[in-house]
Structure formats: structure tokens, C-alpha cells
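[1] give me a 3D structure for the following:
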Amino acid sequence: MHTIQKIYFASGNTHKRDEMQRLILDGIHVVLPKDEGIAFDPVEDGESFIENALIKARCLYDIVHAPVLADDSGLVVDALSGRPGIHTARYGCSEGRNLTSQEQYTLLLKEMEGMEDRKARFVSACVLMLSADRIYIVQETVEGAIAQKAMGLHGFGYDPIFLVEDTGLTASQLSPEEKDRCSHRGRAMRRIDALLEKEIDR
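    The predicted structure follows:
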């Protein structure tokens, strides 16, 4: 039996790491590069969520030569022609200054003023890289809409303005456990966990 006890997560985002730790199989420890003093800042110049997730996974694997998990995710808003999309994390940022999450979702709400079509979805592309030649790719979504104002205390990023389908609540109004059950990343990670279970049983 092959055992995976640690997996490197190709990110510097501690919020995402904590979410991944909740979502991954019990017994696997999720580690950020910075947790071990590894410099990691790849250029995400892909044209899709999957391309960017692959860039991050390959870059980190080339450093650690151990199992790697990467995620590239974002908010796709129909009325904004798919924006912010793959640029979600850098939305509204200009050279020399990054916006806070609150500034970013406030900007998006301003852009949506007066728009009736508020349909949107979160997308998550997850890449599990077990070796240079063994790569699994999963992409999932959660449908919803952009709220009229920010609501809720949980979550991070654009969660306060994203109304999750069939709940009437923003992602920030859901408990972490409720969010995990229906989120784009939760859905993607359940598929990744199924792959990890098969790997452990090999």
C-alpha cells in the first residue's frame, strides 16, 4: 500500500490552504511552500483556469519532487462577459498596489449597479501531480448570482457577494461545513479525494 502523508499545495494563500486541509482525505497534511521556506511565485500566464493550475503544479513539483496539489479558481460573471475570470485574484489591481478583498468585491458591485442579469459561478480547476508524468485534472463549478450588497462573516475573497444556488445565502453566510458541501472547490476536491483513495490502495 502506498501512503501519502503530506502534499504540497501550490499557493501562498493560507485561507485556501485551510480550506484544502478540511477537504482533503484524513491523514494527509497540506503544506504551503512558505511553510518550509520555499520561494514560490510562478508567472500565471495561462489562458484558462486549468492552464494556470498546471503552471503552478509543475513549477512546485520541479522544486519539491513530491506530491503536489494546485488550484486555480475564480468568479465568472455573465453580465461582465466572464470577468473577472482567471484574473479574479488580481481584479482591479494596478502596478504597485494590490486591492484588498473588500475593495475588489466593492468594485465588482459597483460595476454591476443597475444590471438585472446577475448570474455568476465560481470555477475551480484542481491539479493533482504525483510525478512528472502522472497528473490528474478536475474542474468543477457552483452556480449562483451576484448579491446587491455584501453579506455574511465567513469565507474569504468574493464570498460575501456570491449568492449560492438554491440557498438564498451568500457563501459568507454559510458555515465552513455548509460551504464545503456545495462549493466549487469542495466539489472538485471530492473527485481529487476519490483519486487519492485509489492511489493509496495501489
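[2] give me the most central residue, this structure.
    Nearest to the mean C-alpha position of the chain, counting by C-alpha atoms, centre = their mean, stands Ser73 at 4.0 Å.
[3] dihedrals phi and psi, that residue?
    Backbone torsions of Ser73, given as degrees, to the nearest 10, read phi -140, psi 160.
[4] how about it, what does it touch?
    Contact analysis of Ser73 by C-beta atoms under 8 Å, 6 or more residues apart in numbering lists 49, 88, 122-125, 184-185. Every C-beta, even on glycine, is put in place using the N, C-alpha and C of the backbone.
[5] can you lay out the residues you listed as a markdown table showing pLDDT and secondary structure?
    Formatted as a markdown table, the contacts of Ser73 follow (pLDDT from 0 to 100; DSSP: H, G, I helix; E, B strand; the rest coil):
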| residue | pLDDT | secondary structure |
| --- | --- | --- |
| Phe49 | 97 | helix |
| Thr88 | 89 | helix |
| Phe122 | 97 | strand |
| Val123 | 97 | strand |
| Ser124 | 96 | strand |
| Ala125 | 97 | strand |
| His184 | 94 | helix |
| Arg185 | 93 | helix |
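[6] turn these into TSV, including neighbour count and distance to His15.
    Formatted as TSV, the contacts of Ser73 follow (neighbours: other C-beta atoms under 10 Å; distance: C-beta to C-beta, whole Å):
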residue	neighbour count	distance to His15
Phe49	23	18
Thr88	21	14
Phe122	24	14
Val123	22	17
Ser124	22	14
Ala125	25	18
His184	25	15
Arg185	24	11
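[7] which of those residues sits closest to Val164?
    Nearest to Val164 among those is Phe122, at 8.8 Å by C-beta to C-beta.
[8] and the closest one, how far is that from Gly157?
    The gap separating Phe122 from Gly157 is 9 Å, by C-beta to C-beta, to the nearest Å.
[9] cool, Arg121 as well?
    Taking C-beta to C-beta, one finds Arg121 at 14 Å from Gly157.
[10] next one: Leu80
    16 Å.
[11] between the two, who's got more neighbours?
    Ranked by neighbour count (other C-beta atoms under 10 Å), Leu80 and Gly157 place Gly157 first, with 21 against 17.
[12] where does the more buried one sit: helix, strand or coil?
    Classification of Gly157 using DSSP: H, G, I helix; E, B strand; the rest coil returns coil.
[13] could you do Ile63 as well?
    Ile63 ends up helix, using three-state DSSP.
[14] so what pLDDT did the residue nearest to it when sequence neighbours are not counted get?
    The shortest distance from Ile63 to any non-neighbouring residue, by C-beta to C-beta, 6 or more residues apart in numbering, is to Ile38 (6.1 Å). Reported pLDDT at Ile38 in the predicted model: 94.
[15] and Ile38, how many neighbours does it have?
    13.
[16] then Glu116?
    When counting by other C-beta under 10 Å, one arrives at 6 neighbours for Glu116.
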